[in-house]
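K.L.:
Sequence first, then the predicted structure, then my questions.
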Amino acid sequence: MKSEFRGDGIHLDATELIALRPRCNALCLPMHSPAASALAGAYRSRFRGRGVDFLESRNYQPGDDIRNMDWRVTARTGRPHTKIFQEERERPVLVVLDAGPSLFFGTRRRLKSVAAGMMAASVAWTAVRRGDRIGAFLFASGEHRELRPAGGRRGAMRVIQSLVEWLDPERAKPGEAPLSAALERVRHAVRPGSLVIVISDFFNLDEACNRHLSRLRQHNDVIGCQVIDPAEESLPAGRFPITDGTQSSLLDTTRASARERFSMMSRHHAIDPQRLFLKHQCGWVVMRTTDDPVDVLGRELRILVGRAA
């Protein structure tokens, strides 16, 4: 059953983010790369040792656990053999949220910042439900906050509290920082085998993103999530008062040529980041401010998990 969002659409509400938890229980985050966490968990890792799934038998070596002796192969070959299993490791999941000033915009139902926060909270609950650790890299103009991955409800609540604080419109600062700066920090800090989900409107996409995304994808799974307001896709004809909070102006869209130029820019804004992420075999999700984040996440994850199967 869908929950009714009682917020004002401008501020994130921790109570509503917590209420998303039951709806995320049935979701499953995709995985292509082997996990490399140091803790036991629900995913196969690149390490071999004791675990659940049998991998192979090999010649006995001094120090091997005698409880793992493969007596059938030993009897057949006349040489002692031990069983090797695929270890299971839990996976760190990192939400990279780009909170530039363009995210604090919205014309339908909620600001993009609220939609982004709800998507991030949905990812957090989905991760901890599976047994993963959840962390976050929150970026804005000239500042960032890093939350090391932590497991369980405590890990999710820490992310939610930071989202509420970070996406407060009162603390929004002017000035765009290139997305490549965020990806570079993440690339140097993330542990191999992680799942990285980049949530942004991608207005600050720059050329250097290609290099950092390529290197990030080499050892991690990556999903891009673009947050869009319907007004960014097409404009109705008319004259509309607009403001950035300090200055006001009049937007005139009565001319068809102006609307066509806007539509062309919108198409590039939608295609360019998607093309970049797909180029590096990353997942891609689009969420509008009018969408239900759990529905979007569930629908897109089913597609991504199906491709990984």
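P.N.:
Perfect, I can see it now. Numbers count the residues shown, from 1 in each chain.
K.L.:
Now for this protein, the helix or strand with the poorest mean pLDDT.
P.N.:
Confidence across the helices and strands of the chain bottoms out at strand 43-49, with a mean of 39, counting by mean pLDDT, DSSP states H and E.
K.L.:
Can you give me the distance of the residue of the chain most remote from its centre to residue 57?
P.N.:
When distances are taken from the C-alpha mean of the chain, residue 78 lies farthest, 51.9 Å away, according to CA atoms, centre = their mean. In this view, residue 78 and residue 57 are 14 Å apart by CB to CB, to the nearest Å. All C-beta spots, glycine's among them, are computed from the backbone N, C-alpha and C.
K.L.:
ok, now residue 177?
P.N.:
Counting by CB to CB, the gap from residue 177 to residue 57 is 53 Å.
K.L.:
what bridges to the residue positioned nearest the centre of the chain?
P.N.:
Note on the chain: the residue nearest the mean C-alpha position is residue 197, at 1.8 Å, using CA atoms, centre = their mean. Applying DSSP bridges to residue 197 gives these bridge partners: residue 95, residue 223.
K.L.:
tell me the contacts of it?
P.N.:
With CB atoms under 8 Å, 6 or more residues apart in numbering as the criterion, the residues that contact residue 197 are 93-96, 120, 123, 222-225.
K.L.:
Correct me if wrong: residue 155 contacts residue 131.
P.N.:
No: with contacts counted by CB atoms under 8 Å, residue 155 stays clear of residue 131, the gap being 10.9 Å.
K.L.:
Of these two, which one has the most company?
P.N.:
Neighbours were counted for residue 155 and for residue 131 using other CB atoms under 10 Å; residue 155 has more, 22 against 16.
K.L.:
List the contacts of that one.
P.N.:
Listed by CB under 8 Å, 6+ apart, the contact set of residue 155 reads 124, 128, 133-135, 149.
K.L.:
Show me the residues you listed that map onto helices.
P.N.:
124, 128 (DSSP state H).
K.L.:
Just the closest of the contacts of residue 155 to residue 236, please.
P.N.:
residue 124 (36.3 Å; CB to CB).
K.L.:
nearest spatial neighbour of that closest one, skipping sequence neighbours?
P.N.:
Here the nearest residue to residue 124 in space, its sequence neighbours aside, is residue 156; by CB to CB, 6 or more residues apart in numbering that works out to 4.3 Å.
K.L.:
buried set for the helix or strand hosting that neighbour?
P.N.:
Assigned by DSSP states H and E, residue 156 belongs to helix 152-166. Of the residues in helix 152-166, those buried under the neighbour-count criterion (16 or more other CB atoms under 10 Å) are 155-160, 162-164, 166.
K.L.:
Let me have the residues you listed in TSV, extended by distance to residue 271 and pLDDT.
P.N.:
Listed next are the buried residues of helix 152-166 as TSV, based on distance: CB to CB, whole Å; pLDDT from 0 to 100:
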residue	distance to residue 271	pLDDT
155	35	95
156	33	96
157	37	97
158	36	96
159	30	97
160	32	97
162	32	96
163	28	97
164	33	96
166	29	94
